[in-house]
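Asks: from the sequence below, what's the structure:
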Amino acid sequence: MLYNFNFSLTISINFITIFYNLAQTEIAMDINFNKNEDHNKLLLSELKKKLTKVKLGGGKTRIEKLHAKGKLTARERIDYLFDDNKNSIEIAAFAGEEMYAEHGGCPSGGVVVKIGFVKGKQCIVVANDATVKAGAWFPITGKKNLRAQEIAIENKLPIIYLVDSAGVYLPMQDEIFPDKEHFGRIFRNNAIMSSMGITQIAAVMGSCVAGGAYLPIMSDEALIVDKTGSIFLAGSYLVKAAIGESIDNETLGGATTHCEISGVTDYKAKDDKDALDKIKNIIDKIGDYDKAGFNRTDSKKPKENPQDIYGILPKSRADQYDMNDIIKRLVDDSEFEEYKAGFGQTIITGYARIDGWAVGIVANQRKLVKTKKGEMQFGGVIYNDSADKATRFIANCNQKKIPLVFLQDVTGFMVGSKSEHSGIIKDGAKMVNAVSNSVVPKFTIVIGNSYGAGNYAMCGKAYDPRLIAAWPSAELAVMSGNSAAKVLLQIETASLKKKGEEITKEKEEALYNKIKAKYDNQVSPYYAAARLWTDAIIDPLDTRTWISMGIEAANHAPIEKPFNMGVLQV
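Replies: Numbering: from 1, shown residues only. Got it, this is the predicted structure:
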């Protein structure tokens with residue numbers, strides 16, 4: 001038998017070429033993974049730096065002054081109150097970020113809100129930060145307090161107020177005083193929660209002035225700290241000016257007055273820690289709650305390494321990736337039961353567990369997909385079939401009493417004549433209808449893009465998610481910075497040309513960069529968090545904790561009405 005040397009050599013060269021190409025592909029993938037990882041970890045580092053600054057409130061000097069009075073800061077009070085502060089989540093830490101520079105700023109909205117455990121019972125705590133303008137209420141402070149009460153009402157969660165506030169910030173009183181969603185709504189909610197049987201406990205640990213005095217007294221039980229706590233409708237100076245009476249604040253509305261003379265408060269505490277210990281003792285006696293009955297088993301960590309998320313998530317918001325790779329690093333045992341896997345592939349739907357809780361996941365697929373008809377569909381875009389699939393899946397989860405988790409990375413619905421003629425508006429409306437009428441708790445994580453009507457269909461803030469958090473990579477806007485800048489540039493240049501101005505290429509480029517810079521600032525997750533469009537910006541690795549804490553809170557509130565989508569154009 002003759003040996004074919006040329007044929008053997010050709011085969012060997014082909015194998016070498018294949019292996020070389022595979023090696024080059026793996027190297028390219030590794031490089032891309034590393035670039036993504038570096039970028040996302042830099043974003044995470046920026047988040048941690050910003051959080052560190054925010055947690056200082058009004059600054060170290062003001063914290064020292066508070067300590068000198070024998071008082072704890074808002075965060076120290078919460079830390080002391082919780083069983084384990086690590087087992088907690090903070091709501092709206094970035095409220096007011098860069099919003100009130102002309103007034104000296106308002107870190108964290110001047111109030112700290114956290115969900116955690118007191119004597120084993122999950123509670124939400126609202127603590128005024130007296131280091132920020134003496135705890136005065138800015139417009140965003142009111143909005144944040146209302147958000148905390150909304151969480152308590154939706155989940156029938158006990159709420160604890162740690163009061164230390166000078167009242168409304170007078171230079172901005174017109175933006176916080178009279179409207180429906182302003183300061184007065186707080187007291188209305190106090191009354192509503194009391195009628196619902198939701199436990200409310202208030203501790204007056206500093207100033208409690210004017211209209212704000214109603215909050216602790218409209219709670220179920222009120223405590224006051226001796227010598228540092230005070231409650232009155234008008235302080236001594238105003239009393240002197242109004243009726244000519246000379247009286248000091250302690251006699252007017254201190255702990256002894258309200259515990260022994262007026263009967264306004266129920267308990268007198270000698271200091272902050274004593275007040276917090278009394279709250280612990282009250283919470284410890286509360287009976288068990290009626291549960292919604294969401295399914296939970298033993299928690300299991302993901303088999304796939306969650307740290308990989310940093311390398312999987314692309315540096316550019318325009319790049320494609322497989323959302324399945326993210327899901328497998330978020331769910332227990334990396335097990336995901338996909339629903340209608342081969343249909344409507346730009347939305348992924350399926351069942352999984354997160355920290356033992358059964359969940360239904362609705363996620364935007366971010367890679368280019370090919371349909372059975374041979375058509376290509378862009379990742380991150382909602383098509384007719386994917387909207388139809390998501391609608392059906394949401395209905396199924398409602399029937400089975402399974403909480404929903406939305407993972408957003410969406411650019412919007414598909415446009416063009418083909419989609420319009422196929423009724424994309426009708427299919428999109430069906431999905432929005434299902435999200436709107438869903439009776440099981442919904443939780444939204446903004447991973448990447450959250451643009452236009454895609455934000456609505458994927459359960460944006462307007463659609464009542466129990467919690468909504470963003471990763472540092474998130475962008476929230478009507479459209480991307482590039483697209484918006486191009487549209488706005490056309491409008492701007494047309495306007496200038498009408499005025500007779502000549503638009504050179506250089507001037508057009510400068511205009512574009514100026515518009516894009518402004519828009520890019522507005523799509524930032526910090527811009528959204530400052531305005532409470534999201535509840536937090538979180539490390540992707542904290543996603544499981546947020547969803548688990550959210551479902552545990554939601555389990556306090558049994559579902560009271562059936563799922564009904566009303567009139568629907570099928």
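Asks: where does this protein have low pLDDT?
Replies: 1-29, 211, 481, 568-570 (pLDDT under 70).
Asks: R466: what's it in contact with?
Replies: Counting by Cβ atoms under 8 Å, 6 or more residues apart in numbering, R466 makes contact with 151, 154-155, 441-443, 550, 553-554. Yep, even glycine has a C-beta here, placed from its N, CA and C like the rest.
Asks: need those residues in TSV with secondary structure, distance to K303 and neighbour count, can you?
Replies: Supplementary listing: these in TSV, determined by DSSP: H, G, I helix; E, B strand; the rest coil; distance: Cβ to Cβ, whole Å; neighbours: other Cβ atoms under 10 Å:
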residue	secondary structure	distance to K303	neighbour count
I151	helix	32	21
E154	helix	33	17
N155	helix	31	25
P441	coil	26	25
K442	strand	27	24
F443	strand	22	25
G550	helix	23	27
A553	helix	28	23
A554	helix	27	24
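Asks: which one of the residues you listed is nearest G197?
Replies: Closest to G197 out of the contacts of R466 is N155 (13.1 Å), distances taken as Cβ to Cβ.
Asks: touching, the closest one and H556? I think so.
Replies: Yes - between N155 and H556 there is a contact under Cβ atoms under 8 Å: 5.1 Å.
Asks: ramachandran angles for E102?
Replies: As for E102, its main-chain torsions (degrees, to the nearest 10) stand at phi -70, psi -10.
Asks: typed the wrong thing, it's V446
Replies: The phi/psi pair for V446 (degrees, to the nearest 10) is phi -90, psi 100.
Asks: what of the one 5 residues further on?
Replies: The phi/psi pair for Y451 (degrees, to the nearest 10) reads phi -110, psi 140.
Asks: contacting residues around it?
Replies: 410-412, 475-480.
Asks: show me which of these are buried.
Replies: The neighbour-count test (16 or more other Cβ atoms under 10 Å) marks 410-412, 475-477, 479-480 as buried among the contacts of Y451.
Asks: inside strands: which ones of these?
Replies: Taking DSSP state E, the ones among the buried ones among the contacts of Y451 that sit in strands are 410, 412, 475-477.
Asks: quick one: which of these is nearest H103?
Replies: L476 (25.2 Å).
Asks: just checking, that closest one touches A530?
Replies: No - between L476 and A530 there is no contact under Cβ under 8 Å: 11.6 Å.
Asks: quick one: the strands in the stretch 301-450 of the chain, in order.
Replies: For the stretch 301-450 of the chain, applying DSSP state E, counting those that start in this stretch gives strands covering 337-339, 347-354, 357-364, 369-370, 376-377, 381-382, 404-410, 412-413, 442-451.
Asks: what's the separation between E492 and N521?
Replies: 17 Å (Cβ to Cβ, to the nearest Å).
Asks: now S419. Nearest residue, chain neighbours left out?
Replies: N384 (6.7 Å; Cβ to Cβ, 6 or more residues apart in numbering).
Asks: also D298?
Replies: For D298, the closest residue by Cβ to Cβ, 6+ apart turns out to be G356, at 5.7 Å.
Asks: kindly report the same for G454.
Replies: V410 (3.4 Å).
Asks: tell me who's in contact with the one you found.
Replies: Contacts of V410 by Cβ under 8 Å, 6+ apart are 364, 380-382, 449-451, 454-455, 457-458.
Asks: ok, K486 next?
Replies: Y512.
Asks: tell me which residues of the helix or strand harbouring it come out buried.
Replies: Following DSSP states H and E, one finds K486 within helix 481-498. By neighbour count on 16+ other Cβ under 10 Å, the buried set for helix 481-498 is 481, 484-485, 488-489, 492-493.
Asks: report how many residues lie close to D226.
Replies: D226 has 16 neighbours, counted by other Cβ atoms under 10 Å.
Asks: the closest residue to it other than its chain neighbours and K270, how far apart?
Replies: Distances taken as Cβ to Cβ, 6+ apart place A255 nearest to D226, at 4.2 Å, with adjacent residues excluded. Using Cβ to Cβ, one gets 9 Å for the distance from A255 to K270.
Asks: shared neighbours, the two?
Replies: What both A255 and K270 touch, as defined by Cβ under 8 Å, 6+ apart, is the set 225-226.
Asks: who has more neighbours, these two?
Replies: A255 (23 against 12).
Asks: for that one, phi and psi?
Replies: Dihedral pair for A255: phi -60, psi -40, per degrees, to the nearest 10.
Asks: contacting residues for it?
Replies: 224-227, 229, 265, 268-269.
Asks: between those residues, which is closest to K121?
Replies: Of all the contacts of A255, K121 sits closest to A269, with 20.4 Å by Cβ to Cβ.
Asks: list the contacts for the closest one?
Replies: Per Cβ under 8 Å, 6+ apart, neighbours of A269: 203, 223-226, 255, 275, 278.
Asks: list the buried ones in stretch 552-562?
Replies: Buried residues in stretch 552-562 (16+ other Cβ under 10 Å): 552-557.
Asks: likewise for stretch 353-372?
Replies: Buried-residue list, stretch 353-372, by 16+ other Cβ under 10 Å: 353-355, 357-367, 369.
Asks: quick one: which two of those residues are the most distant?
Replies: D355 and V369 (30.0 Å).
Asks: contacts only, for the most centrally placed residue in the chain.
Replies: Residue closest to the average C-alpha location in the chain (Cα atoms, centre = their mean): D535, at 2.4 Å. D535 sits next to 91-92, 147, 467-469 when contact means Cβ under 8 Å, 6+ apart.
Asks: for F343, same thing?
Replies: Listed by Cβ under 8 Å, 6+ apart, the contact partners of F343 are 385, 389.
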